[in-house]
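Participant: sequence plus the predicted model coming up.
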Amino acid sequence: MNENLILIADDDADVRDLLSVSLEAAGYRALGAKDGHTAARILTVAKPIGMITDVRMPAMNGMELCQLARGNPEIREMAILMVSGNAHAYDVDAGLISGADGYLAKPLAPKALVTELRELISRRHPGR
């Protein structure tokens, strides 16, 4: 795992930029991906400690991306935070069943997102 590296998979460039700035201010390094296929390629090479993924993306959605990550022994232990404009209970359940550790609804509060991500990382990697 690449410590302090977080992958942001979201098709909205403004969201990627906002989250990158927030993560970097909190001491993380951030990489962005505009769709699920790009994110999947980055994951296998960069091996980040965490990923923030939108549910709805072109090419591969966030749930498929989570399943892919959890199926790869080299990255399955990374913390995954799913974000979406859909916050119904069944959407949250589907995200968690797909392998996400947490689920936040958009619009995002960057400080809350960073706090949640830190907590998820510390649960998956005690001492970090």
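Facilitator: Everything's here; your move.
Participant: next, the buried residues of the helix or strand of the chain with the lowest mean pLDDT.
Facilitator: The helix or strand of the chain with the poorest confidence is helix 89-97; it has a mean of 86 (mean pLDDT, DSSP states H and E). Neighbour-count burial for helix 89-97, counted by 16 or more other CB atoms under 10 Å, picks out 91, 92, 94, 95. C-betas here are computed from N, CA, C, even on glycine.
Participant: same question for stretch 69-83.
Facilitator: Applying 16+ other CB under 10 Å to stretch 69-83 flags 69, 70, 75, 78, 79, 80, 81, 82, 83 as buried.
Participant: doesn't residue 51 make contact with residue 1?
Facilitator: No: counting by CB atoms under 8 Å, residue 1 does not reach residue 51; the two are 11.3 Å apart.
Participant: distance of residue 58 from residue 12?
Facilitator: 11 Å (CB to CB, to the nearest Å).
Participant: who's more crowded, those two?
Facilitator: Higher neighbour count among residue 58 and residue 12: residue 12, with 14 against 11, using other CB atoms under 10 Å.
Participant: which member of the buried residues of helix 89-97 is positioned nearest residue 26?
Facilitator: The shortest gap between residue 26 and any of the buried residues of helix 89-97 belongs to residue 95, at 22.9 Å (CB to CB).
Participant: surely that closest one is in contact with residue 81?
Facilitator: No: look at residue 95 against residue 81 with CB under 8 Å: they stay out of range, at 9.6 Å.
Participant: rewinding a little: which neighbours do residue 1 and residue 51 share?
Facilitator: Counting by CB atoms under 8 Å, 6 or more residues apart in numbering, the common neighbours of residue 1 and residue 51 are residue 78.
Participant: many thanks, have a good one.
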